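Q: Model the structure of this input:
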Amino acid sequence: MVFFIFLSSSLLEAKEQAQLKIFNTDPKRNRYSIHFTKVLPIIKADLCLETLLEAIIKSNQKHYDPGKSFYGLNFNNRGQYKYLEIFMGSRQAVKTTNYIAIIKLKNVLFLCNVDFNNEPLFHKTTLGNMKIKLTIVKNRSRIWR
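A: This is a model prediction of the structure:
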């Protein structure tokens, strides 16, 4: 299930990208997959966005497995508009590794690709970092044979 949300507002271009230290442990590779761990900072969303995330959690709770699932959250600027994309993924079959932060809300994880240093809807917290184990599947067709 994918949610697309279009937020209309004017915005200023960010002068510089956030410099984040994200630590990846050495990935473990096999014939079909790459297993790795990311250590990501825990961030918080503004109340208006947090309410939306809680509604998504509630509406989709029967499909979310806390040990295996996550929500991906992409937030970016295109022209003078902001775009928010939220989707559910499996920790055992991630499609990208560019997540730079985590929102933890009601024991549900949102892996985020958002410049939280320059975006006022997202905030740093004092909660520290969180380790998450993920797997990239290299060739799905061979696994299912």
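
Q: Please make it C-alpha for all contacts and neighbour counts, starting now.
A: Will do.

Q: where does the most centrally placed residue in the chain land in three-state SS?
A: Nearest to the mean C-alpha position of the chain, counting by C-alpha atoms, centre = their mean, stands residue 111 at 2.0 Å. Classification of residue 111 using DSSP: H, G, I helix; E, B strand; the rest coil returns strand.

Q: Tell me what it is bridged to.
A: Under DSSP bridges, the beta-bridge partners of residue 111 are residue 72, residue 102.

Q: my read: residue 114 touches residue 76, true?
A: Yes. Look at residue 114 against residue 76 with C-alpha atoms under 8 Å: they come within range, at 6.7 Å.

Q: Spell out, range by range, the strands that occur in this protein.
A: Counting by DSSP state E, the segments of the chain that form strands are 2-8, 23-24, 28-29, 33-45, 69-78, 81-90, 101-105, 108-113, 122-137.

Q: With mean pLDDT and distance to residue 54 added, can I get the ones you listed in a markdown table?
A: A markdown table is the format used below for those (pLDDT from 0 to 100; distance: least, C-alpha to C-alpha, whole Å):
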| stretch | mean pLDDT | distance to residue 54 |
| --- | --- | --- |
| strand 2-8 | 49 | 13 |
| strand 23-24 | 48 | 29 |
| strand 28-29 | 73 | 34 |
| strand 33-45 | 91 | 11 |
| strand 69-78 | 92 | 12 |
| strand 81-90 | 92 | 12 |
| strand 101-105 | 95 | 8 |
| strand 108-113 | 95 | 9 |
| strand 122-137 | 92 | 15 |
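
Q: Take those and write them to CSV, including distance to residue 52.
A: Compiled in CSV, the strands of the chain are given as follows (distance: least, C-alpha to C-alpha, whole Å):
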stretch, distance to residue 52
strand 2-8, 10
strand 23-24, 30
strand 28-29, 36
strand 33-45, 10
strand 69-78, 12
strand 81-90, 11
strand 101-105, 11
strand 108-113, 13
strand 122-137, 14
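
Q: Perfect, that will be all.
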